[in-house]
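> Structure for the following, please:
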Amino acid sequence: MSILEVSDLSISFNQYTSGLKQRKLNVVSGLDISISEGEILAIVGASGSGKSLLAHSILGILPSNANVSGTIKYKGEALTAKRQESLRASEIALIPQSVNFLNPLMRVGKQVRSPANDKATIKAQRAAFERLHLSPEVEDMYPFELSGGMARRTLLSTAIVRDAKLIIADEPTPGLDPVVIKEALQSFRDLADEGRSIMLITHDIEAALQIADRIAVFYAGTTLEVASVEDFTGDGERLRHPYSKALWRALPQNDFMPIPGSQPQATDLPSGCLFAPRCAFMIPDCSEVRPDMRDLRNGKVRCLHAT
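Numbering: from 1, shown residues only. Below you'll find the predicted structure:
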């Protein structure tokens, strides 16, 4: 059963250019993902590919100048603004990219329990800290007293205490040492095995492959492929999109071969396939037609010539 379904999501922003002139900047177009109960879906892609914007659109926290189209469903029902507000921080929880989201003037135990502070919530907070290997004295500390790993585990504990069914983790591992990364990733896997759904947003495809069930590859504001982690093997022959294959081969343990060119800016997107200018397999139609997402070999791909 899919707990979250995002179909043909597009996001643009109204921007002033000079004087009172405005333009509409299209930054996301045709994003498609789904997450099942108990599944970890990792979303990988370069900066600017739309990963965090997807998270913010699900939570309903985009800025006021954003225009959103497409469909977002949670448990089969459309996520309206009113429903987003009622579910935010309860059934749907965001673990933000920056530990600066912690209030520097409040002890972390109280932050995790907020807004409730009854006996049941205190008990849940202490159980979550114990589970995440945070010692009892941590609840009386202020954020500046925490290490990076402790701060990230504190943020994760807020989702556990609120019994969130869908947890969106936005870049939860940068700057952490390998041991702490392994612990953090295992915490997500444990939560998924209990039936919670995890959206793991990351640049680190290697970390994602350790715990995810499927990988969604984003590029320039769209989904190019959704594949099982088992497809990331060998020379990438089981992958469907040239970009996914190139990402896989660029890893140090593989060919360590960089991808020529760079991701296009939102102000200079090609008219056809967004990856076409960098693709070694480009045919004339690629520069004219933006492919639809289609099912292929138990995965999904947005490419004219993928087989």
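
> Count the residues that sit near the closest residue to residue 131 other than its chain neighbours.
With Cβ to Cβ, 6 or more residues apart in numbering as the measure, residue 160 is the residue that lies nearest to residue 131, at 7.1 Å, once sequence neighbours are left out. Where C-beta positions appear, they are placed from N, C-alpha and C, glycine not excepted. Here the neighbour count serves as a burial measure; for residue 160 (other Cβ atoms under 10 Å) it reads 23.

> for residue 160, what are its contacts?
Residue 160 makes contact with 124, 128, 131, 132, 191, according to Cβ atoms under 8 Å, 6 or more residues apart in numbering.

> Now for the fourth one: which residues touch it?
By Cβ under 8 Å, 6+ apart, the contact set of residue 132 is 153, 156, 157, 160, 187.

> circling back to that earlier point, would you list the buried entries among the contacts of residue 160?
Burial of the contacts of residue 160 was assessed by neighbour count (16 or more other Cβ atoms under 10 Å); the buried members are 124, 128, 132, 191.

> Just list the residues touching the last one, thanks.
Read that as residue 191. Contact analysis of residue 191 by Cβ under 8 Å, 6+ apart lists 159, 160, 167, 198.

> In this structure the first one contacts residue 93, no?
Yes. Using Cβ atoms under 8 Å, residue 159 makes contact with residue 93 at a distance of 3.8 Å.

> which residues do the two both contact?
Here residue 159 and residue 93 have residue 167 as joint contacts, going by Cβ under 8 Å, 6+ apart.

> for this structure, which spans come out with low pLDDT?
For the chain, applying pLDDT under 70 flags the ranges 89, 175.

> mind listing the helices for it?
With helices called from DSSP state H, the chain shows them at 51-59, 81-87, 108-113, 119-131, 148-161, 178-193, 205-211, 242-249.

> Quick check: buried residues in the fifth one?
Going back to what we said before, that points to helix 148-161. Across helix 148-161, burial judged by 16+ other Cβ under 10 Å covers 149-161.

> Can you lay out these as a markdown table showing distance to residue 234?
Formatted as a markdown table, the entries for the buried residues of helix 148-161 read as follows, by distance: Cβ to Cβ, whole Å:
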| residue | distance to residue 234 |
| --- | --- |
| 149 | 34 |
| 150 | 39 |
| 151 | 38 |
| 152 | 33 |
| 153 | 35 |
| 154 | 40 |
| 155 | 36 |
| 156 | 34 |
| 157 | 39 |
| 158 | 40 |
| 159 | 36 |
| 160 | 37 |
| 161 | 42 |
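
> Tell me the one of the residues you listed nearest residue 44?
Minimum distance to residue 44 across these is 19.0 Å, recorded for residue 152 (Cβ to Cβ).

> The closest one contacts residue 177, correct?
No. Here residue 152 does not reach residue 177: they are 11.8 Å apart, not a contact under Cβ under 8 Å.

> Between all of the buried ones among the contacts of residue 160, which two are separated the most?
When Cβ to Cβ is used, the two most widely separated members of these are 124 and 191, lying 14.3 Å apart.

> can I get the helices of the chain in CSV with distance to residue 21?
Output for the helices of the chain, formatted as CSV (distance: least, Cβ to Cβ, whole Å):
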stretch, distance to residue 21
helix 51-59, 24
helix 81-87, 29
helix 108-113, 43
helix 119-131, 51
helix 148-161, 41
helix 178-193, 45
helix 205-211, 40
helix 242-249, 35
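
> Go through those helices and name the closest to residue 140.
With Cβ to Cβ, the closest approach to residue 140 among those belongs to helix 108-113: 6.4 Å.
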